[in-house]
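1. okay, sequence plus prediction incoming.
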Amino acid sequence: MADHEDPKTGKKNKGTSKEVCGYPLSIFFIVVNEFCERFSYYGMRAVLVLYFKYFLRWDDDLATSIYHTFVALCYLTPILGAIVADSWLGKFKTIIYLSIVYAIGQVAMAVSAIHDITDTDRDGTPNNMTFHVVLSMVGLFLIALGTGGIKPCVAAFGGDQFGDHQERQRRTFFSVFYLCINGGSLLSTIITPILRAQNCGIYSKQKCYSLAFGVPAALMVVALVVFIVGSGMYYKAKPEGNIMGDVCKCIGFAISNRYKHRSKQYPSREHWMDWAEDKYDKLLIAQIKMVLKVLFLYIPLPMFWTLFDQKGSRWTLQATTMDGNFGAIVIQPDQMQTVNPILILTLVPIMDSVIYPLIKKCGLNFTPLKRMTVGMFLAALAFVCAAVVQIEIDKTLPVFPSNFQSQLKLLNMGNHPVTAGLPGYGQVTLQAAQASEEYFTFEEDQISISVSGPEMKRNISLIKGQRQTLLIPLTISDEWQLTADLTTKPEEGNNAIRFVNGMNKPVNVSTSEVVFGQIEKFHYSNYSQIRNGRATFFLQSGQLSCAFSRDFGFGSSYTFFIPSTLSLGSNCQESITGAEDIKPNSVHMALQVPQYFFITAGEVMFSVTGLEFSYSQAPSNMKAVLQAGWLLTVAIGNFIVLIVAEVAKLPKQWTEYVLFASLLLCVCIIFSIMAYFYTYIDPTEIEAKFRRNVGDDDDDKNDKQRKLEMEMMKRDLDRSDDEHYKGKQTKM
Ligand SMILES: CC(C)[C@H](NC(=O)[C@H](C)N)C(=O)O
C-alpha cells in the first residue's frame, strides 16, 4: 500500500495526492468543475429576467422580485449543503448528489423554454403557460438547491486537498478558484445572451431561450463528469456526525447552565461557552469558540454585498441613461457588467504577484482582515464615483413636469408657417411641418391658444405631470389633437419612436423588426422601441412606397412627421421631419469604468481574502459550515438591497448612492475595530493540543497539571499575537 494512503481504509491522506509544481493534482479537477459550474449558473442568470418578461410574459415588478428571490435563495441553501456535508454525507458525496439535482434543474429550465411543447396553434407562443411557469419554477428551485448546496463544499473540499506543508499553495488555490468563478461568469454572460438572440423552433421561430438554458445545462453535466473523473485522487475527509446538532445543543446547554448559575456565589468563567464544560467535550467547546469568533466578525459584512450586488440592478439602470457607443463596438447597458469579471481576471494576478508582495517588501503586515477592510473602503469609493457620474447624467436629463406642472409642445401639420400665441411665452412661429424645439411649461389646468395663418383659437386642457404635443391642423375645420408624450426616458437605452400622419390617407410604417401599423389620416402611432444604431423605416400608402433612414443613439424619443405633401416619387429621406422629444444620452458609459474598477478591486481584497479566511479559521469539522456562513452574508446583503430600495425611496439617485457609500463607510470603521481585536488562530494546532490532552487524561495525569495545561490552551485561543499563518496566531 502506498505511504500516502490510510493503512486501515486505503483512502488518501491529506496533502499526499500526486503533486504538480507543489500543488495536489486533484485541484485541477476541482477548479475545472468550478469554472463549468459558474458558467452554468451565471449563463442561466444572465437571461433569466428576459425569459420571465418576454417568454412567461410577466411584468417588470414580478420578474425582478422573482429574480432577486432566486438569487437570495442560491446563497441561503449553502447552509443546507454544509450541514449535509459536514455531518452526514461528506463533501465529496454531497457535491456529486447535489450536482445531479442542479443539472436536472438546468435541464428543466431548458425544457420549460421550448415553446413548441404547448404551442398547439403553432403561432409561436405557448398555449399552456402554466406548464412553462411550473416547470421553470421547479427548475429554479432545484438549481438554487444545487448551486447553493455545493458552493461551500467545493471551496472547502479544494482547501482540504492541501497538506499543512502547502499553506502558500492553498492561498494561491483560493485565488485561482476565484479566477475560475470569474472566467466562467465572463464567458457565459457574453455567450448566453447571443444564444438567446437566435431564432429557433419546430413550427415557428422564436427567441431561443431553450438554447440559452440548454448550454448551461450541458456545462453542468460536464462539471459533474470532470469532478467524478478526479474521484480517485481526492482526499476525502470523513463527516463527523451531526456536528450542527451537537453545536446547537452545546450552545443551548452553555446558556442554560450560565442562567442556572447566575447567582454571585458561583465564580464566573472566562468565556460564556465554558459553562458547557460540565457536560461537553472541551475540544467541541474550543471549536465552537473558533466558529463563533468568526461569525461575530461576519456581522457587518452583508453591507459590502449590498453595494456589490447593485452592479446588476442600479448600475445597469444607470447605464441605460448613458451613451454606449465605443466607436468600433456598441455596448449594451447590461453588457457593462462584464467589466467586473474582466477586471477580476486582471486584478487577481496583479494583486497576488505584484501588489501584495510589494506591500510585504515594504515591511507592512497586510493581514486578511486589513485587506477586507480596505476592500470595503474601495467599494464605498466606487459608490462615490457612481454618485458623481449620476450627477453628470442628471445634468443632461430632460426636465419633466412636476406634479403641479404640465408641458406642451406644438407641431404644425400644415403646409404654411403659423404663429401661435402662448400665455407667458408670447408668439411662437413654426414653419410648415415643424415642431417647437422645447416643451412649454404651464401651471394652469387650461390655456387659450390663438393661431394666425389661418386664424384659429382654442382652449386647451392640460394634464398635471404630463407632457403633450398639440397637433395644429391643416385647416380650421380639422380636429385639434393632443398626444400623450413620454415623461420618462425609454427603457434599456432604447429609443422611443412614433409617427404623426399629416396626409389625407392612411399610411403603414414599419422597420425590419418593428411594425408601427396603419396610421389613420391626421393621426399618430403609439411609441415603438428602436435599438441604437441605424434604422430604416418603410412607408406604404396605396401606390406610395418609400423608405428613409436615421441614426439613433441611446435613450432618445422622436416624433416623425409625414407631411401632407408626400406623394408618389417624393424623397422620404428629405420630406420626413423628426422632432426630438427626448435627447439621446450624452454621458459616455466609459465613465462607469472607475466605479467598476473600485468595486472590483474591493471585491478582490474583500471576497477572495474572505473566502480563504473562512477556510483557514474554521475547525476541521466545520469548514463547509463556515463557508456557508460566509455565503449567507451574500444572501443577507441581497435582502438589504430590496429593503433599503423600498424604504429609503430617495428622490435623487445620486443621494441613494451617497447613502450606501456612507453606510458602508460606517460599517467599514466598525469592522476595522472588530478586526483589531480579532486574534488569528491555527485550528489544527488548537485541536491537536486538545486531542493530546485527551490522551494524557488516559495516562491519569494529576488534576493540578491538567488544569495548568488547559489554562495555557485557553490563553492560546483567546489572546495571542505571534505571526499569522505560521502555525501561530496574530492580531489584525
Ligand atoms: C458571489 C461571489 C462573490 C462570486 N462572484 C464573483 O466572483 C463575481 C462574478 N465577480 C461567486 O462565487 O459567484
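-> Good, I have the coordinates.
2. what confidence value was assigned to residue 730?
-> pLDDT for residue 730: 47.
3. near the ligand, which residues of the chain? Just list them.
-> 38, 181, 182, 185, 340, 341, 344, 603, 607, 634 (CB under 6 Å from any ligand atom). Every residue, glycine included, has its C-beta placed from N, CA and C.
4. excluding residues flanking it in the chain, which one is nearest the first one?
-> Setting aside the residues directly before and after it, residue 38 is nearest to residue 184 in space (CB to CB, 6 or more residues apart in numbering), at 3.3 Å.
5. likewise the last one?
-> In space, and not counting its chain neighbours, residue 634 is closest to residue 75: 4.3 Å by CB to CB, 6+ apart.
6. on that earlier part again, restricted to helices, list the residues of the chain next to the ligand.
-> The helices, defined by DSSP state H, take in 38, 181, 182, 185, 340, 341, 344, 603, 634 from the residues of the chain next to the ligand.
7. format those residues as a markdown table; extra columns: neighbour count and pLDDT.
-> Conversion of those to a markdown table gives the following (neighbours: other CB atoms under 10 Å; pLDDT from 0 to 100):
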| residue | neighbour count | pLDDT |
| --- | --- | --- |
| 38 | 24 | 96 |
| 181 | 25 | 92 |
| 182 | 23 | 88 |
| 185 | 24 | 91 |
| 340 | 22 | 91 |
| 341 | 23 | 90 |
| 344 | 23 | 90 |
| 603 | 26 | 94 |
| 634 | 23 | 90 |
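8. return the member of the residues you listed nearest to residue 438.
-> residue 340 (39.3 Å; CB to CB).
9. can you tell me how far the closest one is from residue 587?
-> To residue 587, residue 340 is 20 Å away according to CB to CB, to the nearest Å.
10. touching, residue 449 and residue 457? I think so.
-> Yes: between residue 449 and residue 457 there is a contact at 7.1 Å, judged by CB atoms under 8 Å.
11. who has more neighbours, these two?
-> Just comparing residue 449 and residue 457: by other CB atoms under 10 Å the higher neighbour count belongs to residue 449, 19 against 10.
12. what's the span of stretch 190-205, first residue to last?
-> 22 Å (CA to CA, to the nearest Å).
13. so what touches that stretch?
-> Here stretch 190-205 makes contact (CB atoms under 8 Å, 6 or more residues apart in numbering) with 43-44, 46-47, 50, 115-116, 119, 122-124, 206-212, 215-216, 334-335, 338.
14. drop anything exposed from those.
-> Listed as buried from the contacts of stretch 190-205 are 43-44, 46-47, 50, 115-116, 119, 206-212, 215-216, 334-335, 338; burial here means 16 or more other CB atoms under 10 Å.
15. per-residue confidence averaged over the strand or helix carrying residue 111?
-> Applying DSSP states H and E as the criterion places residue 111 in helix 90-112. Per-residue pLDDT over helix 90-112 has a mean of 96.
16. give me the helices and strands touching it, please.
-> helix 26-50, helix 78-84, helix 129-160, helix 209-229 (3 or more CB pairs under 8 Å, 6 or more residues apart in numbering; DSSP states H and E).
17. lowest mean pLDDT across those, which one is that?
-> Per-stretch mean pLDDT for the helices and strands packed on helix 90-112 is lowest at helix 78-84 (a mean of 88).
18. what are the contacting residues of stretch 651-670?
-> Contact with stretch 651-670 is made by 300, 303-304, 306-307, 310, 314, 318, 373, 376-377, 379-381, 383-384, 386-388, 390-391, 394, 644-645, 648, 650, as judged by CB under 8 Å, 6+ apart.
19. show me what contacts the residue nearest to residue 634?
-> Residue 75 makes contacts with 148, 151, 631, 632, 634, 635, 638, as judged by CB under 8 Å, 6+ apart.
20. try 6 Å this time
-> 631, 634, 635 (CB atoms under 6 Å, 6 or more residues apart in numbering).
21. a markdown table for these, including distance to residue 162?
-> Shown next, in a markdown table, are those (distance: CB to CB, whole Å):
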| residue | distance to residue 162 |
| --- | --- |
| 631 | 21 |
| 634 | 25 |
| 635 | 28 |
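22. and the residue of this structure nearest the ligand?
-> Here the residue of the chain nearest the ligand is residue 185; by CB to the nearest ligand atom that distance is 4.0 Å.
23. ok, that residue touching residue 38?
-> Yes: Residue 185 lies in contact with residue 38 (CB atoms under 6 Å); the separation is 5.4 Å.
24. assign residue 379 to helix, strand or coil.
-> Here residue 379 is recorded as helix under DSSP: H, G, I helix; E, B strand; the rest coil.
25. and it, how far from residue 679?
-> Distance of residue 379 to residue 679, computed by CB to CB: 26 Å.
26. go on, residue 604?
-> 25 Å.
27. residue 73 now?
-> Using CB to CB, residue 73 is found at 35 Å from residue 679.
28. swap in residue 292?
-> Residue 292 is 13 Å from residue 679, by CB to CB.
29. same check on residue 321?
-> For residue 321 relative to residue 679 (CB to CB), the value is 48 Å.
30. looking at these two, which is more packed in?
-> Set side by side, residue 321 and residue 679 show more neighbours around residue 321, with 23 against 17, by other CB under 10 Å.
31. please look at the more buried one and residue 393 and confirm they touch.
-> Yes: with contact defined as CB under 6 Å, residue 321 and residue 393 form a contacting pair (5.2 Å).
32. all helices for the stretch 151-300 of the chain, in order.
-> For the stretch 151-300 of the chain, the helices defined by DSSP state H, counting those that start in this stretch cover 167-197, 209-229, 243-260, 282-298.
33. can you point out the buried residues in the longest one?
-> Spelled out, that is helix 167-197. Of all the residues in helix 167-197, those buried under the rule 16+ other CB under 10 Å are 169-189, 191-193, 195-196.
34. likewise for the last one?
-> Along helix 282-298, the positions that meet the burial threshold by neighbour count (16+ other CB under 10 Å) are 282-291, 293-295, 297-298.
35. looking at those, which one is closest to residue 430?
-> Closest to residue 430 out of the buried residues of helix 282-298 is residue 298 (64.9 Å), distances taken as CB to CB.
36. what about the closest residue to residue 567 other than its chain neighbours, distance to residue 499?
-> Spatial nearest neighbour of residue 567, chain neighbours left out: residue 544 (6.6 Å); criterion: CB to CB, 6+ apart. Using CB to CB, residue 544 is found at 14 Å from residue 499.
37. neighbour-wise, which of these two wins?
-> residue 499 (25 against 16).
38. grab the nearest non-local neighbour of the most centrally placed residue in the chain.
-> With distances taken as CA atoms, centre = their mean, residue 312 lies nearest the centre of the chain, 4.0 Å away. Counting by CB to CB, 6+ apart, residue 312 lies nearest to residue 337, which is 6.2 Å off, once chain neighbours are set aside.
39. dump stretch 546-558 to PDB, restricted to CA.
-> Taking C-alpha atoms only, stretch 546-558 is exported to PDB below (Å, rounded to 0.1, in the frame of the first residue of the first chain):
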ATOM      1  CA  CYS A 546     -40.700  54.900 -49.800                       C
ATOM      2  CA  ALA A 547     -38.100  54.500 -47.100                       C
ATOM      3  CA  PHE A 548     -35.900  56.700 -45.000                       C
ATOM      4  CA  SER A 549     -33.100  56.000 -42.500                       C
ATOM      5  CA  ARG A 550     -32.000  57.700 -39.300                       C
ATOM      6  CA  ASP A 551     -29.200  57.100 -36.800                       C
ATOM      7  CA  PHE A 552     -30.100  56.700 -33.200                       C
ATOM      8  CA  GLY A 553     -28.100  56.900 -30.000                       C
ATOM      9  CA  PHE A 554     -29.400  55.700 -26.600                       C
ATOM     10  CA  GLY A 555     -32.500  56.700 -24.700                       C
ATOM     11  CA  SER A 556     -34.000  59.300 -27.100                       C
ATOM     12  CA  SER A 557     -37.500  59.900 -28.200                       C
ATOM     13  CA  TYR A 558     -38.600  61.300 -31.600                       C
END
